[in-house]
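Enquirer: coordinates only, sequence not included:
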């Protein structure tokens, strides 16, 4: 394929070199003449393992060259990768100056190009940038329609400095966000030989994933460092602790607990976080990540209350209020907290959970419901039908399969607030849905 790569910085140089090494005809484009000259002399403008040798060979074989002429590059290629920087502004927002400038140049070139061309943004940009900045700029300066007259994709990169060539050839995943199917299909042909998860999705999702990845990587590093500080304070070998931690591929190093949803609760997580925070204070440790987890959880509970209040109804039904489906444990259940706040605000509630039966409860759970929340026990009803006959707004609080088809039993005047996304979305009376926690 004939490919142009705009921006010969870190990502652009690696992308141009690796694509040329795979047999494509690549033209690098950059306004800095020194970078263009280096590439044309077979030299890399960046320092990175393997890339110098790759560029030297690609230039020698005629598969890679560089230019400052954006118009020529667009006219001589089928697809353009935009790999310019998106640095931070003083307020933390992205500086999109380079993105806009390149889109203006490509747009002007597209004015006089009769063949279909596809523009691929590889730069890291926030969700909405494709639709609010990239596409309008391309359309304005080309006079053409995106998705019809030219293609647009977002293709985030996952290159680490020091191993970028290896990451290009053996990526953790390949993500293509496409405005139109034809553009996504064209871009996909470049990656068809890679052995990695391959995802074609919408533009916003593709834009977001790089930020999720980088935030998660930063969080992992910060978390491990705080645990290391705690271990030192306890006189525990932090390396041994984290080695054991990482051997758990079922819960710790896995997709477990990584679905957006409602707050956590139960007898373990809140209690243990409080204990660590307390001992951190005793040892004069600053633990901003660990100390922020419980406040973040509280905010999710407050958000749940607001979603119910925003429905505008006074009669509320709660389906599932134990902290997790399949258990009768009510200790620190976030749904109990939602119920208490709604009661305090004067809402008329009915609640149901098939696993919570006062007559069958024993021990700590019975003591909790009879002595700590007796006012809530009086709101309990015997069936889902009892809740539905009362409620204008129905809240699903845990992932009990009994609630999965509940919408099919709704009246026209009822709406749903689904904390765990157990129901099917797309119905007009669904106020809000969150994914499974």
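Expert: Okay, I see it. None of the values given here were measured: they were computed from a predicted structure.
Enquirer: what number of residues lie near residue 331?
Expert: Residue 331: 18 surrounding residues under other C-beta atoms under 10 Å. Yep, even glycine has a C-beta here, placed from its N, CA and C like the rest.
Enquirer: where's it relative to residue 270, distance?
Expert: Distance of residue 331 to residue 270, computed by C-beta to C-beta, to the nearest Å: 9 Å.
Enquirer: Likewise for residue 120?
Expert: Counting by C-beta to C-beta, the separation of residue 120 from residue 270 is 46 Å.
Enquirer: Of the two, give the one with the bigger neighbour count.
Expert: Shown here are residue 120 and residue 270; by other C-beta under 10 Å, residue 120 has more neighbours (25 against 19).
Enquirer: thought that one was touching residue 153?
Expert: Yes: at 4.7 Å, residue 120 and residue 153 qualify as touching, with contact defined as C-beta atoms under 8 Å.
Enquirer: list residues touching both of those two?
Expert: residue 187 (C-beta atoms under 8 Å, 6 or more residues apart in numbering).
Enquirer: Going by residue numbers, what spans are helices in the stretch 101-250 of the chain?
Expert: With DSSP state H, counting those that start in this stretch applied, the stretch 101-250 of the chain shows helices at 129, 135-142, 164-169, 181-188, 203-234, 238-246, listed in chain order.
Enquirer: make that the stretch 301-437 of the chain, sorry
Expert: For the stretch 301-437 of the chain, the helices defined by DSSP H, counting those that start in this stretch occupy 334-344, 363-367, 374-377, 384-390.
Enquirer: Tell me which of those is the most buried.
Expert: Highest mean neighbour count among the helices of the stretch 301-437 of the chain (mean count of other C-beta atoms under 10 Å): helix 334-344, with a mean of 20.
Enquirer: That one packs against which elements?
Expert: Here helix 334-344 touches helix 288-310, strand 315-319, strand 348-352, helix 374-377, going by 3 or more C-beta pairs under 8 Å, 6 or more residues apart in numbering; DSSP states H and E.
Enquirer: hang on, the earlier thing: quick one: the helices of the stretch 301-437 of the chain as CSV, columns for distance to residue 254 and mean pLDDT too.
Expert: As requested, those are arranged in CSV below (distance: least, C-beta to C-beta, whole Å; pLDDT from 0 to 100):
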stretch, distance to residue 254, mean pLDDT
helix 334-344, 23, 93
helix 363-367, 29, 66
helix 374-377, 35, 80
helix 384-390, 33, 95
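Enquirer: Please identify the deepest-packed of the helices of the stretch 101-250 of the chain.
Expert: Highest mean neighbour count among the helices of the stretch 101-250 of the chain (mean count of other C-beta under 10 Å): helix 129, a mean of 21.
Enquirer: Contacts made by that helix with the rest, please.
Expert: Contacts for helix 129 (C-beta under 8 Å, 6+ apart): 94, 96, 99, 121, 207.
Enquirer: which of those residues tops the neighbour count?
Expert: For the contacts of helix 129, neighbours tallied by other C-beta under 10 Å; top is residue 121, 30 neighbours.
Enquirer: re the thing from before, want to throw the helices of the stretch 301-437 of the chain into TSV with distance to residue 262?
Expert: Putting the helices of the stretch 301-437 of the chain into TSV (distance: least, C-beta to C-beta, whole Å) gives the following:
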stretch	distance to residue 262
helix 334-344	6
helix 363-367	20
helix 374-377	18
helix 384-390	18
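Enquirer: Mind checking those for the one nearest to residue 292?
Expert: Smallest distance to residue 292 across these (C-beta to C-beta): 17.0 Å, for helix 334-344.
Enquirer: That closest one: how far from the chain's middle?
Expert: Centroid separation between helix 334-344 and its chain, computed with C-alpha atoms, centre = their mean, to the nearest Å, is 29 Å.
Enquirer: Check stretch 229-248 too.
Expert: Chain-centre distance of stretch 229-248: 28 Å, with C-alpha atoms, centre = their mean.
Enquirer: State the distance spanning the first to the last residue of that stretch.
Expert: Terminal residues of stretch 229-248 are spaced 21 Å apart (C-alpha to C-alpha, to the nearest Å).
Enquirer: ditto for stretch 65-78
Expert: In terms of C-alpha to C-alpha, the two terminal residues of stretch 65-78 are separated by 16 Å.
Enquirer: Low-confidence ranges, this protein, go.
Expert: Low-confidence segments of the chain (pLDDT under 70): 357-366, 370, 372, 424-437.
Enquirer: just checking, residue 349 touches residue 316?
Expert: Yes: Residue 349 lies in contact with residue 316 (C-beta under 8 Å); the separation is 5.0 Å.
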